[in-house]
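*Asks:* pasting a predicted model and its sequence here:
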Amino acid sequence: MSRSVLVTGGNRGIGLAIARSLAEAGDKVAYTYRSGEPPAELADLGCLAVRCDITDPEQVEQAYKEIEEKQGAVQVLVANAGVTRDQLLLRMSEEDFATVVETNLTGTFRVVKRASRGMLRARSGRIVLISSVVGLLGAAGQANYAASKAGLVGFARSVSRELGSRSITCNVIAPGFVDTDMTRALSDEQRGAIVKQIPLARYAAPEEIAATVRFLASDDAAYITGAVIPVDGGLGMGH
């Protein structure tokens with residue numbers, strides 16, 4: 001049965017791979033994007049593009065109304081939208097810290113809270129939050145990003161306890177280094193140094209993160225909630 005799905009930040013990178021994977025599986029997929037143009041490949045799959053900045057509560061509400069009108073209440077939410085403002089602690093501004101937390105953590109709170117309304121009425125739902133191995137390991141120059149991504153773990157586990165009795169699951173995926181435009185911008189030397197830390201000795205493909213999302217959103221994962229699933233090539237093992 002085709003479900004109503006929302007992927008935040010679905011216009012590029014990991015989010016694009018997730019939206020494409022769920023659409024190819026037969027779901028009705030909406031995705032948010034903040035700037036630029038919606039990707040043609042998602043339009044070809046019939047996905048609904050919704051411009052929305054998740055740091056703005058009014059835009060979030062409007063996005064949900066549009067999605068509900070066009071494809072029904074959200075049954076599967078993938079909270080993927082996020083930003084980075086990397087800087088060493090002593091040079092990091094209040095704005096750099098607040099912007100990252102507001103988008104990555106508070107923005108996720110907004111979209112999950114709004115989706116939970118329909119899920120509670122339906123007594124079912126799947127929520128998947130995209131965190132990061134950095135939220136488990138920490139990283140120099142990413143105190144803001146690591147704090148926001150670590151916060152998703154506590155948030156998801158609290159949500160899973162609150163909503164579990166209504167057959168709503170909430171899980172976290174912690175990707176490692178993924179081959180996207182962001183990581184391709186690194187120098188060969190930087191990429192090489194990162195790969196040396198990864199037991200599987202390679203970057204992940206975005207499709208490997210998407211495959212894990214697809215599993216957690218499926219009936220096969222109906223008894224998994226409050227879990228943190230690493231998809232990191234072994235980089236963060238033990239955390």
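*Replies:* Nice, I can see it.
*Asks:* for the rest of this, base every contact and every neighbour count on C-alpha atoms.
*Replies:* OK.
*Asks:* spatially central residue in the protein, please.
*Replies:* Asn80 (2.1 Å; C-alpha atoms, centre = their mean).
*Asks:* ok, Ala140 - contacts?
*Replies:* Leu88 (C-alpha atoms under 8 Å, 6 or more residues apart in numbering).
*Asks:* quick one: contacts for the residue nearest to the centre of the chain?
*Replies:* Contacts for Asn80 (C-alpha under 8 Å, 6+ apart) come out as Val7, Thr8, Gly9, Gly10, Ile14, Gly15, Leu129, Ile130, Ser131.
*Asks:* mind listing residues that contact the one helix or strand in the chain whose mean pLDDT sits lowest?
*Replies:* Least confident helix or strand of the chain, by mean pLDDT, DSSP states H and E, is helix 181-184 with a mean of 78. The contact list for helix 181-184 (C-alpha under 8 Å, 6+ apart) reads Gly13, Phe177, Arg191.
*Asks:* continuing past it, what's the next helix or strand?
*Replies:* Sequence order places helix 188-196 as the next helix or strand after helix 181-184, per DSSP states H and E.
*Asks:* which parts of the helix or strand following that next one are buried?
*Replies:* Per DSSP H and E, the first helix or strand lying C-terminal to helix 188-196 is helix 206-216. Going by neighbour count (16 or more other C-alpha atoms under 10 Å), the buried part of helix 206-216 is Pro206, Glu207, Glu208, Ile209, Ala210, Thr212, Val213, Arg214, Leu216.
*Asks:* outside of helix 206-216 itself, list whatever touches it.
*Replies:* 13-14, 17-18, 21-22, 78, 126, 128, 171, 173, 175, 178-180, 221-222, 224, 231.
*Asks:* what helix or strand is Ala156 located in?
*Replies:* Per DSSP H and E: helix 143-163 holds Ala156.
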